[in-house]
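Colleague: Got a predicted structure here, sequence first:
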Amino acid sequence: MDADFEKRKLDDYEGEPGSAVGGAIAYKQIGSGTPLLLINGYAASKDAWDPTFLAALAEQAGVTCPDNRGIGGSAPLTAAAAPLSIDSMAADGLALLNR
């Protein structure tokens, strides 16, 4: 199932003041329809989701699974980037949904 995912990166995006701008967010997508963003726990990657679970969701939604900053294929955390926080992760998720 994992091979069916499109693997992409959301390159540097312009965000609202105070959002996490810079770097790239790695993510996978499967399915189509109403967008559904699955955000894993802080230290888990997009690859940790159960493929059977994702396939079931993808039957009715366009599922996007990102890697948080500093995790998996996403840009590493740097001193120049906005600090990792709930707000910065929410900004990353919003940027993915708005692409």
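Modeller: Received the coordinates, thanks.
Colleague: Please make it C-alpha for all contacts and neighbour counts, starting now.
Modeller: Fine.
Colleague: Identify the residue nearest the geometric centre of the chain.
Modeller: Among the residues of the chain, the one closest to the centroid is P66, at 2.0 Å (C-alpha atoms, centre = their mean).
Colleague: Can you say which helix or strand has the closest residue to that one other than its chain neighbours in it?
Modeller: Leaving aside its chain neighbours, P66 sits nearest to Y27 (4.0 Å; criterion: C-alpha to C-alpha, 6 or more residues apart in numbering). Under the criterion of DSSP states H and E, Y27 resides in strand 25-30.
Colleague: got the contact list for L38?
Modeller: For L38, the contact set (C-alpha atoms under 8 Å, 6 or more residues apart in numbering) comprises V63, T64, C65, P66.
Colleague: List just the nearest of the residues you listed to D50.
Modeller: Lowest distance from D50 to the contacts of L38 (C-alpha to C-alpha) belongs to C65, with 11.4 Å.
Colleague: The strand holding Y27 packs against which elements?
Modeller: strand 6-10, helix 51-58, strand 61-66 (3 or more C-alpha pairs under 8 Å, 6 or more residues apart in numbering; DSSP states H and E).
Colleague: Distance to A80 for those - can I get that in JSON lines?
Modeller: Shown next, in JSON lines, are the helices and strands packed on strand 25-30 (distance: least, C-alpha to C-alpha, whole Å):
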{"stretch": "strand 6-10", "distance to A80": "18"}
{"stretch": "helix 51-58", "distance to A80": "34"}
{"stretch": "strand 61-66", "distance to A80": "21"}
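Colleague: Need the CA coordinates for the strand holding Y27. PDB is fine.
Modeller: What follows is strand 25-30, C-alpha atoms only, in PDB (Å, rounded to 0.1, in the frame of the first residue of the first chain):
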ATOM      1  CA  ILE A  25       7.600  19.600   4.700                       C
ATOM      2  CA  ALA A  26       7.700  16.000   3.400                       C
ATOM      3  CA  TYR A  27       4.200  14.400   3.000                       C
ATOM      4  CA  LYS A  28       2.300  11.600   1.400                       C
ATOM      5  CA  GLN A  29      -1.100  11.600  -0.100                       C
ATOM      6  CA  ILE A  30      -3.700   9.000  -0.900                       C
END
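Colleague: Alright, calling it a day.
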